[in-house]
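Asks: all I have is the shape, not the residue letters:
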């Protein structure tokens, strides 16, 4: 029987957020908000300004617009990289349609974090559970070549990670997707440490 184990990290209310959560600034406003950008409300021009304001104070970081360096990327995805010696974040802002890159409203946000030295500083499954508590549910997708994609579903936030085996560790790194909450009736219930049958 194939299964995946996901666990809850119990954290006291007074314990500070994990450093990966703070570094990614996921603790500054409630999802789907990120650094003051609210999907469905914030314009691209305002979103750019908020990203600059959030990260420019860290003098060792460089913020670059990489939206059109990859011609295969759709025009409805604007991309920024934020780089430093020990920090590398790709921010993708998704639009319903592209007009001028200023007045469109951000529909969703993707955050991909890794380090160029191979030491990823992305939030782990344990960090997400510690910061946000048990998810509303999970979605598990099986792939023949890479194993399993698992999404912890919160209101306005998905924390997605991959595992090549049928068991997932709390140390798996996540990538973050933020959008206005969408009603989803197909979540698997969160069952803590119990093993979930992937063949259900």
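Replies: Yep, it's here. Bear in mind that the values here come from a model prediction, so they are computed numbers and not experimental data. Numbers count the residues shown, from 1 in each chain.
Asks: contact partners for the closest residue to residue 41 other than its chain neighbours?
Replies: Spatial nearest neighbour of residue 41, excluding adjacent residues (Cβ to Cβ, 6 or more residues apart in numbering): residue 105 at 6.6 Å. Where C-beta positions appear, they are placed from N, C-alpha and C, glycine not excepted. Residue 105 makes contacts with 40, 41, 42, 43, 44, 95, 96, as judged by Cβ atoms under 8 Å, 6 or more residues apart in numbering.
Asks: first-to-last residue distance for stretch 107-122?
Replies: Criterion Cα to Cα, to the nearest Å; first-to-last residue distance in stretch 107-122 is 23 Å.
Asks: equivalent analysis for stretch 167-185, please.
Replies: OK, stretch 167-185 end separation, Cα to Cα: 25 Å.
Asks: in it, what counts as buried?
Replies: 168, 170, 172, 173, 174, 175, 176, 177, 178, 179 (16 or more other Cβ atoms under 10 Å).
Asks: mind putting the residues you listed in JSON lines, distance to residue 124 and pLDDT included?
Replies: Below are the buried residues of stretch 167-185 laid out as JSON lines (distance: Cβ to Cβ, whole Å; pLDDT from 0 to 100):
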{"residue": "168", "distance to residue 124": "11", "pLDDT": "75"}
{"residue": "170", "distance to residue 124": "6", "pLDDT": "85"}
{"residue": "172", "distance to residue 124": "6", "pLDDT": "87"}
{"residue": "173", "distance to residue 124": "6", "pLDDT": "89"}
{"residue": "174", "distance to residue 124": "7", "pLDDT": "93"}
{"residue": "175", "distance to residue 124": "12", "pLDDT": "93"}
{"residue": "176", "distance to residue 124": "12", "pLDDT": "97"}
{"residue": "177", "distance to residue 124": "16", "pLDDT": "97"}
{"residue": "178", "distance to residue 124": "18", "pLDDT": "97"}
{"residue": "179", "distance to residue 124": "22", "pLDDT": "96"}
